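>>> just the structure for this:
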Amino acid sequence: MTEHKVGTSEEWLAAREELLAQEKELTRRNDELSRQRRELPWVRVEKEYSFETEEGTKTLAELFDGRSQLIVYNFMFGPAYEAGCPVCSSGADSYDGAVPHLNARDVTFLCISRAPLERLQAYKQRMGWSLPWVSSAGTEFNFDFGASHTEEELKPFLEGGELGPVPELATACGTDPAGYLAEAPGLSSFVLSDGVVYHTYSTAERGLEFMMGFYGLLDRAPKGRDEGDPPDMWICRHDEY
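All right, here's what the predicted structure looks like:
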């Protein structure tokens with residue numbers, strides 16, 4: 001017999017209406033946070049960056065592809081990786097289909113990684129994605145925006161002994177913990193105004209969860225995310241379940 005509380009339809013409706021009021025308040029709060037994001041000051045990008053794309057080498061301004069807004073996801077696929085991060089890959093399954101809708105609203109969306117372009121293209125084909133993906137190999141873009149780390153930066157963490165799921169994830173990417181942790185996920189937004197590129201917003205860690213569409217659905221399932229405490233590393237690439 002179930003251990004969960006069981007009630008009548010009337011009890012459920014009363015509890016649901018109480019919860020709905022809180023959900024509506026959260027929606028209004030999210031609207032306010034969105035407004036505050038848009039009001040952040042813009043920072044001019046002074047450094048010159050170059051990226052390898054399917055159409056050849058491009059500057060950051062050229063990545064806008066004729067639009068005025070650019071959203072970049074730093075996908076964990078470093079030079080030492082043989083395959084993309086499984087967690088980043090799970091998110092790409094959600095946002096891959098959003099690209100045409102973003103383009104329709106004057107927003108270019110793409111992924112950036114430090115792995116060679118040909119390796120990114122091969123992995124994209126394996127995963128069945130159509131999203132734009134460029135290589136920042138040889139530039140400091142990932143380091144400047146907190147998406148790549150030096151050996152010196154990683155040393156304290158690697159010597160700490162508590163690596164959690166990192167060894168498992170590193171193996172899944174064909175590298176070691178140091179190679180895996182050299183990369184980090186992140187999302188950054190830019191605007192092109194009068195020929196000048198400005199950085200407008202960045203987020204990382206749990207600030208990226210909105211990109212993993214399945215989490216929102218799991219949060220509304222009877223058992224929720226059901227990941228355990230500490231969470232189990234259950235996420236795989238969609239062709240590996």
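>>> what strands flank the host helix or strand of residue 72, and is each parallel or antiparallel?
Remark: residue 72 resides in strand 69-74, with elements defined by DSSP states H and E. In the sheet containing strand 69-74, the strands it pairs with under DSSP bridges are strand 107-113 (parallel), strand 186-193 (antiparallel).
>>> residue ranges with poor pLDDT in the chain?
Under the criterion of pLDDT under 70, the regions of the chain flagged as low confidence span 1.
>>> how does it look with 80?
With pLDDT under 80 as the threshold, the chain has low-confidence stretches at 1-2, 161.
>>> okay, helices next: where are they in it?
9-38, 86-95, 99-103, 117-127, 141-144, 151-160, 166-172, 177-181, 213-218 (DSSP state H).
>>> still on that earlier bit, now the strands paired with strand 69-74 in TSV, with distance to residue 220?
For the C-beta atoms, the positions are set from N, CA and C on the backbone; glycine is no exception. Rendered in TSV, the data for the strands paired with strand 69-74 read as follows (distance: least, C-beta to C-beta, whole Å):
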stretch	distance to residue 220
strand 107-113	26
strand 186-193	24
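>>> which one of those lies closest to residue 210?
Proximity of the strands paired with strand 69-74 to residue 210 was assessed by C-beta to C-beta; the nearest stretch is strand 186-193, lying at 9.3 Å.
>>> now the angle from the closest one to helix 9-38?
Angle, strand 186-193 to helix 9-38, by axes from the mean of the first three to the mean of the last three C-alpha atoms, to 10 degrees: 50 degrees.
>>> how about strand 186-193: buried residues?
Neighbour-count burial for strand 186-193 flags 186-192 (criterion: 16 or more other C-beta atoms under 10 Å).
>>> can you name the residues in contact with it?
42, 45, 60-61, 64, 67-74, 145-147, 197-204, 207-208, 211 (C-beta atoms under 8 Å, 6 or more residues apart in numbering).
>>> could you redo the last one with a cut-off of 7 Å?
Around strand 186-193, the neighbours that count as contacts under C-beta atoms under 7 Å, 6 or more residues apart in numbering are 42, 61, 64, 68-74, 145-147, 197-204, 208.
>>> roughly how far out does that strand sit from the chain middle?
Centroid separation between strand 186-193 and its chain, computed with C-alpha atoms, centre = their mean, to the nearest Å, is 14 Å.
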